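**Q** Next one to model:
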Amino acid sequence: MTNPSEIKNRFHASLEASEARENGFRSRLLAEGARALQPVLGVLTLMSEVLDERDNVHGSITGLDCAIDKEDFVTLRAVLSGTSQPEQRIVIKYGPELGGRNLISVSGIGQTYAEKLVAKTHCAASLGRSVGSDLQLDVARAEDLAEVVREMVEAYFVGQAQVPVQHHAGAIEGHARYAVQ
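**A** Reported below is the predicted structural model:
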């Protein structure tokens, strides 16, 4: 019979080798996912920097870190926090799909912007598919996705800025009406 300490040593070595393979896979996947999501991450980072400038009262963009979730997808979760609208969450996932293709899955951009993204499709094969409220795109569409996300984020924060202006303009108009009478 094999020595118990030898069994333990072999088992420890097997576990360590397995963890090393898993960590290597996860680090390669994270690097590949960050590279695939770079156009979107770059746009969100630039817009976040503008919002972080001095005297900003419009809100913030947080959560701009790529991480691997429990299903081995590289996930980017951006949270748009404004002053007058509820926060908006955008979740973008990258990862392997059955059949050996890598896709980007997007949720939280809304119907209007999803339709804009679909309208920018140059060929049917590059669209991917819609799964529930998620839109799945081919990795080559990351630039198109970045442009649509930019439009959506701009609209979100411009809406933040316009709410007080519209309210204030109505108040001024009301005061002018009373002053004239």
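**Q** make it CA atoms for all contacts and neighbour counts henceforth
**A** Will do.
**Q** SS state for Val79?
**A** Here Val79 is recorded as strand under DSSP: H, G, I helix; E, B strand; the rest coil.
**Q** number of nearby residues for it?
**A** Using other CA atoms under 10 Å as the criterion, Val79 is surrounded by 17 other residues.
**Q** right, and it touches Gly108 too?
**A** No - between Val79 and Gly108 there is no contact under CA atoms under 8 Å: 9.9 Å.
**Q** shared neighbours, those two?
**A** Between them, Val79 and Gly108 share these contacting residues under CA atoms under 8 Å, 6 or more residues apart in numbering: 88-90.
**Q** With respect to Thr62, which of those is nearest?
**A** Of all these, the one sitting nearest Thr62 is Arg89; the distance, using CA to CA, is 9.7 Å.
**Q** Look up how far Leu64 lies from the closest one.
**A** To Leu64, Arg89 is 11 Å away according to CA to CA, to the nearest Å.
**Q** shared neighbours of the two, anything?
**A** Taking CA under 8 Å, 6+ apart as the contact rule, Arg89 and Leu64 both touch 77-78.
**Q** my read is Gln85 is in a strand, agree?
**A** No - residue state for Gln85 (three-state DSSP) corresponds to coil; a strand is not indicated.
**Q** burial count for it?
**A** Residues within reach of Gln85, counting by other CA under 10 Å, total 14.
**Q** just the strands in the chain please.
**A** Counting by DSSP state E, the segments of the chain that form strands are 59-62, 66-68, 74-82, 88-97, 101-107, 129-131, 134-138.
**Q** Please name every helix or strand in contact with the second one.
**A** Packing contacts for strand 66-68, counted by 3 or more CA pairs under 8 Å, 6 or more residues apart in numbering; DSSP states H and E, involve helix 4-36, strand 74-82.
**Q** rerun at 6 Å
**A** strand 74-82 (3 or more CA pairs under 6 Å, 6 or more residues apart in numbering; DSSP states H and E).
**Q** centre of the chain versus the strand it packs on, how much separation?
**A** 5 Å (CA atoms, centre = their mean, to the nearest Å).
**Q** Only the buried residues of it, if you could.
**A** Across strand 74-82, burial judged by 16 or more other CA atoms under 10 Å covers 74-82.
**Q** Kindly report the same for stretch 140-156.
**A** Applying 16+ other CA under 10 Å to stretch 140-156 flags 141-146, 148-150, 152-153, 156 as buried.
**Q** what pLDDT, on average, does that stretch get?
**A** On average, the pLDDT along stretch 140-156 is 92.
**Q** Also stretch 7-20?
**A** Mean pLDDT, computed over stretch 7-20, is 90.
**Q** Please state the offset of that stretch from the chain centre?
**A** The chain centroid and the centroid of stretch 7-20 are separated by 37 Å, computed with CA atoms, centre = their mean.
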